[in-house]
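K.L.:
What follows is a predicted structure for the sequence shown.
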Amino acid sequence: MIWIDGTLVSEGESGVYGERVVQGYRVWDPYRSKFAALATRYRERNLDLTGDQKVLYLGAANGTTVSHVADYVEVVYAVEFAPHPMQDLVMVARRRKNVIPIMADAGRPEQYAPLLEQVDLLYQDVAQPTQVSIAIANLIFLRPGGRLILMLKSRSVDVSRDPKEVAAEAAAALTAAGLVVESIDWLAPYHPDHAALICRKGTEEKD
Ligand SMILES: C[S@@+](CC[C@H](N)C(=O)[O-])C[C@H]1O[C@@H](n2cnc3c(N)ncnc32)[C@H](O)[C@@H]1O
């Protein structure tokens, strides 16, 4: 990941969403992107995105974060089901050869399975009550040893419950699905009540 004076940036064509450009790099704003918030608040997590990685991104919206991830990795399969943001996402994909926009329901992975290959990183930001089961349903695309980063919006699960309790319950469900939950990181002040769960899928030998 590229940092300029403590600010996360990426290298690619600018003008996707009016992002600032510093010394020729696109500023990846932690207030606009949960991925940037996670990387900025928890640099020690070593979230390195690299040019040989394949990413499945669920909840792509307008492609704001997708565009930055695509600046770093080999390919991003970007799933979004809402027609309006999908229009912007398609525009992002037109300008980046390594973004594959997929209009589909992330809760129905069988709809897009024929388009996908195994990925190194499964990234999810869908803000739905069924966030955890959506992530589990998509684990079929994650290679052994690959990472899941689940952006958990606790208020989408249950607005009346303690966010920490919601995150602990999500972690238990992911563990039961065979993942190792490496960390639960809170994204305030950038994104209050959002937690990032970083999980690892076991290697085939260990399974
Ligand atoms: C919080 S926004 C994502 C913001 C985006 N990740 C970013 O950082 O630029 C959540 C998005 O997930 C989409 N979404 C929610 N449920 C979905 C589902 N089941 N399948 C596909 N997309 C979904 C919504 O339409 C919305 O665009």
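P.N.:
Perfect, thanks for sending it. Numbering: from 1, shown residues only.

K.L.:
CA only for contacts and neighbour counts going forward, please
P.N.:
Noted.

K.L.:
For the lowest-mean-pLDDT helix or strand in the chain, report the contacting residues that lie outside it.
P.N.:
The helix or strand of the chain with the poorest confidence is helix 154-157; it has a mean of 81 (mean pLDDT, DSSP states H and E). With contacts defined as CA atoms under 8 Å, 6 or more residues apart in numbering, helix 154-157 is touched by 127-131, 161, 163, 166-167, 193-195.

K.L.:
Any quick PyMOL command for the buried ones out of those?
P.N.:
Of those, the buried ones go into a single PyMOL selection, burial set by 16 or more other CA atoms under 10 Å:
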select buried, resi 127+131+163+166+167+193+194+195
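
K.L.:
Of the contacts of helix 154-157, which are in range of the ligand?
P.N.:
Contacts with the ligand within the contacts of helix 154-157, counted by CA under 6 Å from any ligand atom: 127-128.

K.L.:
Sort out for me which of the contacts of helix 154-157 are in strands.
P.N.:
Here DSSP state E is the test, and the contacts of helix 154-157 give 194-195 as lying in strands.

K.L.:
Would you tell me which residues of the chain are close to the ligand?
P.N.:
33-34, 59-61, 63-65, 79-82, 104-107, 125-128.

K.L.:
Buried ones among the residues you listed?
P.N.:
The buried subset of those - by 16+ other CA under 10 Å - is 33-34, 59-61, 63-65, 79-81, 104-107, 125-127.

K.L.:
Let's see which of those end up in helices.
P.N.:
34, 64-65 (DSSP state H).

K.L.:
quick one: which of these is nearest Gly18?
P.N.:
Using CA to CA, Thr64 comes nearest to Gly18 of these, at 9.9 Å.
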